[in-house]
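Chemist: Sharing a model that was predicted from the sequence below.
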Amino acid sequence: MRLGLQLGYWGAAPPADAPALVAAAESAGFDGVFAAESWGSDAFTPLAWWGSATSRVRLGTSVAQLSARSPAACAMHALTLDHLSGGRHVLGLGVSGPQVVEGWYGAPFGKPLARTREYVDVVRQVLAREAPVRNDGPHYPLPATGPGALGLGKALRPITHPLRADLPIWLGAEGPRNVAQTAEIADGWIAVYFSPRAAPLYQQWLADGFARPGARRDRAGFEVAATCQVVVTDDPAAAKGQVKPSLALYIGGMGATRMNFHADLFRRMGYAAAVEEITAHFQAGRRAEAVAAVPDELVDDVAIIGDREQVRAGVRAWRRAGVDVLLVGCRDVAQLHAVADAVLGADDEPLPSK
């Protein structure tokens with residue numbers, strides 16, 4: 001199992017301890033450092049700023065939102081960061097949700113699968129630099145067409161030669177069709193929430209994508225990165241209590257009532273009744289009740305919490321379920337070292353067959 005430090009997106013201010021966490025992650029043997037964005041801080045700048053003090057770890061977006069920038073602009077960010085880091089960038093992309101896309105970016109959310117496919121194709125054209133970039137699709141036409149276009153656009157190749165044409169692109173995906181398309185067109189899957197118990201479901205979705213004509217990779221060349229709260233503790237009940245507020249927020253508040261991909265995922269895991277209760281409380285402003293409605297079993301499904309040996313056993317279970325990289329958030333350097341000791345020390349059995 002490999003580890004990625006998930007810095008996430010910022011709250012009201014930049015996290016003061018991020019430089020120390022990034023340095024500790026590199027020295028402790030983490031595989032990568034990842035940053036996210038929502039509707040505040042962006043995903044690329046923290047990687048360039050704090051990543052400049054590193055020399056080994058991969059620097060990934062987990063995730064950069066499609067609607068935040070055009071695919072050509074995103075490719076510019078990616079090729080720039082890849083050059084500056086000496087080929088250590090991982091471009092993680094995701095569609096976000098309708099509330100953010102339409103409310104913050106002022107863009108339509110419709111056709112997320114088709115938009116993702118077009119977006120990735122344009123990014124790959126830029127990185128390949130084999131010909132001027134063109135796209136005839138309806139979402140990101142290049143050169144521009146339609147109302148307001150002057151018809152003077154010129155198809156261009158990037159001035160800067162990308163360091164790697166095969167810079168890895170990972171996609172954040174939750175639903176069956178989205179995960180299948182990820183397996184078809186991407187180099188890796190970022191699972192926002194993952195449960196070993198539901199692994200057969202995910203494996204079927206991935207297999208559907210790998211089986212499509214022209215699929216980019218097979219499972220052996222594909223990376224599965226799963227967000228996971230890993231807490232080494234002698235008080236698991238207290239640790240679960242600290243995880244529940246975030247779960248309640250994502251289940252009950254990170255999405256429209258009629259379209260919440262996180263809630264849909266937990267329904268597929270068998271928590272439909274809990275999802276309805278959490279959502280009802282959250283939408284009514286009863287945050288404490290929403291948190292209290294998150295079952296311990298749900299936390300156990302998507303997190304690894306316990307003493308060192310329990311965490312090591314949990315890591316093995318996630319590896320057997322097909323996870324290659326755990327994306328973990330750590331509140332301080334001491335927790336980071338405890339996680340590294342438990343997780344990286346759990347690799348004492350053969351890797352599962354992919």
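Modeler: Right, received. Where do you want to start?
Chemist: Same question for stretch 313-332: list its buried residues.
Modeler: Neighbour counts using 16 or more other C-beta atoms under 10 Å place 314-316, 318-319, 321-330 of stretch 313-332 among the buried residues. Yep, even glycine has a C-beta here, placed from its N, CA and C like the rest.
Chemist: Oh, that last question was meant for stretch 123-141, not what I typed.
Modeler: By 16+ other C-beta under 10 Å, the buried positions in stretch 123-141 come out as 123-127, 129, 133, 135, 139-140.
Chemist: re the thing from before, looking at the buried residues of stretch 313-332, which are in strands?
Modeler: Within those, membership in strands is found for 325-328, as judged by DSSP state E.
Chemist: which secondary structure elements does the helix or strand of the chain with the lowest mean pLDDT contact?
Modeler: Taking mean pLDDT, DSSP states H and E as the measure, helix 261-268 is the helix or strand of the chain with the lowest mean score, a mean of 84. Secondary-structure packing of helix 261-268 (3 or more C-beta pairs under 8 Å, 6 or more residues apart in numbering; DSSP states H and E): helix 236-252, helix 272-283.
Chemist: Show me the shaky parts of the chain.
Modeler: 256, 346-354 (pLDDT under 70).
Chemist: can you pull out the strands in it?
Modeler: Along the chain, the segments classed as strands by DSSP E run 2-6, 32-35, 58-61, 64-65, 89-94, 169-172, 188-191, 223-227, 229-232, 303-306, 325-328.
Chemist: want to throw those into CSV with distance to Gly241?
Modeler: Written out in CSV, the entries for those read as follows (distance: least, C-beta to C-beta, whole Å):
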stretch, distance to Gly241
strand 2-6, 20
strand 32-35, 25
strand 58-61, 30
strand 64-65, 30
strand 89-94, 28
strand 169-172, 27
strand 188-191, 24
strand 223-227, 19
strand 229-232, 11
strand 303-306, 10
strand 325-328, 18
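Chemist: What is the neighbour count of Leu79?
Modeler: When neighbours are counted by other C-beta atoms under 10 Å, Leu79 registers 24.
Chemist: count of neighbours near the residue lying closest to it once chain neighbours are set aside?
Modeler: Computed as C-beta to C-beta, 6 or more residues apart in numbering, the closest residue to Leu79 that is not its neighbour in sequence is Pro162, at 4.2 Å. By the measure other C-beta under 10 Å, the count of residues near Pro162 is 19.
Chemist: Could you measure from Pro162 over to Gly285?
Modeler: Counting by C-beta to C-beta, to the nearest Å, the gap between Pro162 and Gly285 amounts to 48 Å.
Chemist: Across the sheet, point out what pairs with the residue nearest to Pro46 when sequence neighbours are not counted.
Modeler: When the adjacent residues along the chain are set aside, Pro46 lies closest to Ala35, with 4.5 Å between them (C-beta to C-beta, 6+ apart). Ala35 has these beta-bridge partners by DSSP bridges: Thr61.
Chemist: got the contact list for Ala35?
Modeler: 7-9, 41, 43-44, 46-47, 60-62 (C-beta atoms under 8 Å, 6 or more residues apart in numbering).
Chemist: And the furthest pair within the residues you listed?
Modeler: Distance extremes for the contacts of Ala35: the farthest pair is Ser41 and Gly60 at 15.4 Å, using C-beta to C-beta.
Chemist: which one of these two has more residues nearby?
Modeler: Taking neighbours as other C-beta under 10 Å, Ser41 and Gly60 compare with Gly60 leading, 31 against 19.
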